[in-house]
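> Sharing a model prediction with you, sequence too.
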Amino acid sequence: MRWLMLWLVSLAGLVSAGIVGLLNIWAFLGGMVWFGVVTFLLVWYFLAPANRFFTFVKEGTAKIVVRGDKFERVLIQWEGYTFDNEWNVVPAGVWLDRDGQPLDPEILRDTRIEVERFGRGRFARFIGERRITGEDGTEEVREVVVAEGFLYQEPWHPFGGLRLYGLWPIHDIYVYSFQWTGVAEDGSIVRHPRETLDYILLRDDVYYARIEECEDKNLLPLDIELVLTIRVINPYRALFNVQNWLETVINRTRPAVRDAITSREYSEWITQIEQLGDEIFSRLETRELAREFTDRYGIELRRIQVKNIEPPAEYREKTLAPYLADLDRRAIVIRADAEKTRIGVEYGAVRDMGDLGQLIRTLEALEESPAQGAKWVVPLPGMAEILSKVFPGRAPDTLTREELIRVIQEEIGKARSG
């Protein structure tokens, strides 16, 4: 609103300067410059971002202009590209044949061209000289049409993506809701919530799709994660010939995915995951679905990659069970070998030390055992005799763990001092 008020004030100033300009031409010219600057700033910072009379078209995208909700035309901003008469994206400034392919440069160089206007572009007949043999056997040089071509050029846009599209609100920029799941550069899945867009992307982009419960040759249900490389080549068809072009492409691709998975076992596909994407794409071409995407929906499906193949959780557990069991077996063997080594080292030392070693080993075991574990110390050779001397009149099995530890420590001290 402030920009609009400033523009109105500038307009009033220009009118005033026009009146004063009868007396001072410099005041009038200054007012025109000021009015032009304010008008440009109003367009750039207020009208174009709000899609009022003007709009910004980002590089690699297109916007639809409607008049009373009726399609009128498409605006494009993509260096080197424009639209043909059916709103297909085509190279700009290049002669194309009827299939949209560039003509052979030799044809352009060796022929005479007859050009006429044709919708948004120009139509040309390339006429060359050919030696023709008549019925009487004589030869003569005649001019024949060697090829036909179409040339489309995008108008010059001095302000880049800034466009004047029409008289708002009679004309307006078409908006629609769209939801998609993409793939980041690091391979992570990025889910975009449903949002309202006023543009459509023309450059290649990757989209994520998940096809569930596809049965392999053994009827094992598998979930397939796909990465689809897609490019919009006709914005009109993509937005108006189908409700949601991305959902339609994914749904129409499902049968081809299921057919491809059924042809082999899971164990085979998991080792040939790259070939699976090519197999799915081949089946789409066989069914002419890829061509239908292009001709009917304006979508070019350029590549299919399989990101992951997931079997059911119970199948994965059964598959991993032998492997995990083998790991457990190896761990047990390693622990047993370590324990065997430890026992050999420790008990060899105990054997060499005689009674002292036996007492030390008994003390260590007693300290590590719970309170009730002290009962097994009493039956050891010579232990009952030692206990009766230290605790006369008491039954050995009534001694506490702490009392047993103290007795053994005293015996160890005597053995070392002796």
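Okay, I see it. Numbering: from 1, shown residues only.
> The residue lying closest to residue 234 once chain neighbours are set aside - how many residues pack around it?
Closest residue in space to residue 234, ignoring its immediate chain neighbours: residue 298 at 2.8 Å, by Cβ to Cβ, 6 or more residues apart in numbering. All C-beta spots, glycine's among them, are computed from the backbone N, C-alpha and C. Residues lying near residue 298 (other Cβ atoms under 10 Å) number 25.
> got a list of what residue 298 touches?
Residue 298 makes contact with 88, 232-238, 241, 245, according to Cβ atoms under 8 Å, 6 or more residues apart in numbering.
> among those residues, which are in strands?
In strands, defined here by DSSP state E, the members of these are residue 232.
> which among the contacts of residue 298 gets closest to residue 290?
In terms of Cβ to Cβ, no member of the contacts of residue 298 lies closer to residue 290 than residue 233, at 12.3 Å.
> didn't that closest one look like it was pressed against residue 89?
Yes: counting by Cβ atoms under 8 Å, residue 89 is a contact partner of residue 233 at 5.0 Å.
> what residues are shared contacts of these two?
Common neighbours of residue 233 and residue 89 (Cβ under 8 Å, 6+ apart) are residue 202.
> These two: which has the busier surroundings?
residue 89 (22 against 19).
> how near is the more buried one to residue 309?
Separation of residue 89 from residue 309 (Cβ to Cβ, to the nearest Å): 34 Å.
> now do residue 93
Applying Cβ to Cβ, the value for residue 93 to residue 309 is 46 Å.
> for residue 261, same thing?
Plainly put, residue 261 is 8 Å away from residue 309 if you go by Cβ to Cβ.
> and for these two, which residues touch both?
With Cβ under 8 Å, 6+ apart, residue 261 and residue 309 have common neighbours 222, 224, 269, 276.
> Filter the residues you listed down to the buried ones.
The neighbour-count test (16 or more other Cβ atoms under 10 Å) applied to those identifies 222, 224, 269, 276 as buried.
> Quick check: the second one is in a strand.
Yes: per DSSP: H, G, I helix; E, B strand; the rest coil, residue 224 lies within a strand segment.
> okay, the residue nearest to residue 234: pLDDT?
Residue 298 carries a pLDDT value of 95.
> for residue 164, same thing?
94.
> Could you give the number of residues near it?
With other Cβ under 10 Å as criterion, residue 164 counts 13.
> so how far is residue 271 from it?
58 Å.
> neighbour count winner among residue 261 and residue 309?
A side-by-side neighbour count of residue 261 and residue 309, using other Cβ under 10 Å, places residue 261 first with 25 against 17.
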